[in-house]
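> Got a sequence here, can you model it:
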Amino acid sequence: MEESDYQRKIYYILLASFAVLTGFLFKILASVFLPVITAALIACVFAPIIQKINYKFKIPWTILAILITFFLFFILLGVSSLLISSVTSIVSEYPKYESKFLHIYKILAENFDFRFDEEMSLAGNIWQHLKVREYIQGIVFTLSSGIVASGKNIFLVLIFSLFILIEYRMTNRKISYAFADRAKGKILRVIRRIIMEIVHYLSIKTAISLATGFLVFLVAICFGMDFAVLWGVLAFTMNFIPTFGSIFSCGLTTMFALVQFYPNYPKVFVIFTLIVFVNFMLGNIIEPRVQGKNLGLSPFVIIVSLTVWAYIWGTVGMIIAIPMTVIIKIICENISYLHPFAILLGNDPKQTKRDFQ
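Residues are numbered from 1 along each chain as shown. Coordinates of the predicted model:
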């Protein structure tokens, strides 16, 4: 065995160990890494916009960064208000659905041999016969702590995004002073490529998600579904998670349609068909045509990355899985020892090989 081959194998073993260790550190220190990385991705999207406005209108960079941060804050505030008002409406309207829930529970009880007491309410049957007290308590505790943690993380993300955007204008100068000319050019090229790919992916994904949410909202309105805004916002949000997000939003919306219109099965089937059609057309036909082959990720790699990042960071990990995998692929393309991994991550070996050149 030649010495270079031996060194290459040692390099790959160390690299694999480093990747596994990094993944566990990301999971253990999620409260530290997740806000920072999310903020960095957001900054990558808005930095080119600030750069163009700053160049064209001569507005100070720091002022623009602060305005962008406030813009993000009000967008998040508006979405949160919509969700809170929708959930509040669901709670207030629950008595209207009590009898339908109870009837559906009775059918389930007959088929799955649950105990059922017709003199008790739905909540009473579930509480007493299914013994879900401890589960409900756990869910309430998790939900309340999750809301507090989400609020804290959103605040951290906005603060980190602001400072990253402010620092972004100094990136070229810092890299010029920190690295030699050859390394400097490669690093700047990698950063520009990463920003370009992330902006391309997230801008198109946002547009497709908005269209999906709006069309689902229209379907809900046309068929008289309650809380149409909630189903539109749910479709918009879940569409950022490839494949699984659309399945979840379609399933949840259809389940509610079943409860609301039960036993009108044809109407529920039509709603289900239209929602699936909207998600399929936008997600599987229009989006790939618009995205093109710029991402260059294998479909299998996309599924694996969703699983891995979901394990590390949960739902947020699934949302940022594709941008993170694209970043890893771009880095692999620019390090000679990692070229084989870039080819394995890619969808078209010929395209990936051209990217090396």
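
> Below-threshold pLDDT in the stretch 251-357 of the chain: ranges please.
Within the stretch 251-357 of the chain, the stretches with pLDDT under 70 are 291-295, 348-357.

> Show me the helices in it, by range?
265-280, 287-291, 299-319, 321-333, 339-345, 349-356 (DSSP state H, counting those that start in this stretch).

> With the stretch 51-200 of the chain instead?
61-112, 122-129, 133-168, 171-178, 181-222.

> which residues touch the closest residue to Arg189 other than its chain neighbours?
Take Arg189 and drop its neighbours on the chain: the residue closest to it by C-beta to C-beta, 6 or more residues apart in numbering is Asn334, 7.5 Å away. Quick note: C-beta positions are derived from backbone N, CA and C, even for glycine. Asn334 makes contact with 186, 189-190 under the criterion C-beta atoms under 8 Å, 6 or more residues apart in numbering.

> And Asn334, how close does it get to Lys184?
13 Å (C-beta to C-beta, to the nearest Å).

> cool, Ala40 as well?
Where Lys184 is concerned, Ala40 sits at a distance of 20 Å (C-beta to C-beta).

> Show me the shaky parts of the stretch 1-150 of the chain.
1-6, 91, 94-150.

> mind listing what the residue nearest to the spatial centre of the chain touches?
Closest to where the C-alpha atoms of the chain average out (C-alpha atoms, centre = their mean) is Ile319, at 1.8 Å. The contact partners of Ile319, taken as C-beta under 8 Å, 6+ apart, are 240-241.

> ditto for the one 5 residues further on
Under the criterion of C-beta under 8 Å, 6+ apart, the neighbours of Met324 are 37, 305, 309.

> any chance of these in TSV, plus neighbour count and distance to Trp231?
Compiled in TSV, the contacts of Met324 are given as follows (neighbours: other C-beta atoms under 10 Å; distance: C-beta to C-beta, whole Å):
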residue	neighbour count	distance to Trp231
Ile37	21	30
Ser305	23	28
Trp309	23	26
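
> what's the closest of these to Thr273?
Using C-beta to C-beta, Ser305 is the member of the contacts of Met324 that lies nearest Thr273, at 30.4 Å.

> tell me the contacts of that closest one?
Neighbouring residues of Ser305 by C-beta under 8 Å, 6+ apart: 297, 321-322, 324-325.

> now with 7 Å?
By C-beta atoms under 7 Å, 6 or more residues apart in numbering, Ser305 lies in contact with 321-322, 325.

> Which of the residues you listed sits closest to Ala16?
Of the contacts of Ser305, the one sitting nearest to Ala16 (C-beta to C-beta) turns out to be Thr325, at 16.8 Å.

> Need the nearest residue in space to that closest one, chain neighbours excluded.
Ser305 (4.2 Å).

> Buried deepest among the helices of the stretch 251-357 of the chain, which one?
helix 321-333 (a mean of 21; mean count of other C-beta atoms under 10 Å).

> Extract the CA atoms of that one and return them as CSV.
In CSV, the C-alpha atoms belonging to helix 321-333 read as follows (Å, rounded to 0.1, in the frame of the first residue of the first chain):
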residue,chain,number,x,y,z
ALA,A,321,-31.9,20.5,6.0
ILE,A,322,-31.6,21.3,2.3
PRO,A,323,-29.7,24.6,2.6
MET,A,324,-27.3,22.9,5.1
THR,A,325,-26.8,19.9,2.7
VAL,A,326,-26.1,22.3,-0.2
ILE,A,327,-23.5,24.1,1.9
ILE,A,328,-21.8,20.8,2.7
LYS,A,329,-21.8,19.8,-1.0
ILE,A,330,-20.3,23.2,-2.1
ILE,A,331,-17.5,22.8,0.5
CYS,A,332,-16.8,19.3,-0.7
GLU,A,333,-16.6,20.5,-4.2
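
> Return the distance of that helix from the chain's centre.
16 Å (C-alpha atoms, centre = their mean, to the nearest Å).

> how far away is Ala207 from Ile37?
Distance from Ala207 to Ile37, by C-beta to C-beta: 23 Å.

> Can you mark which positions in stretch 216-232 are buried?
For stretch 216-232, the neighbour count (16 or more other C-beta atoms under 10 Å) marks 216-217, 219-220, 223, 225-232 as buried.

> Name the surrounding residues that touch it.
Residues from elsewhere that reach stretch 216-232, judged by C-beta under 7 Å, 6+ apart: 82, 86, 89-90, 93, 213-214, 235, 253, 257, 260, 267, 271, 274-275, 278.

> before we move on, what about stretch 61-68?
Stretch 61-68 is touched from outside by 46, 50, 53-54, 162, 165-166, 169, with contacts defined as C-beta under 7 Å, 6+ apart.

> mind checking how far that stretch is from the chain centre?
Stretch 61-68 sits 25 Å away from the centroid of its parent chain (C-alpha atoms, centre = their mean).
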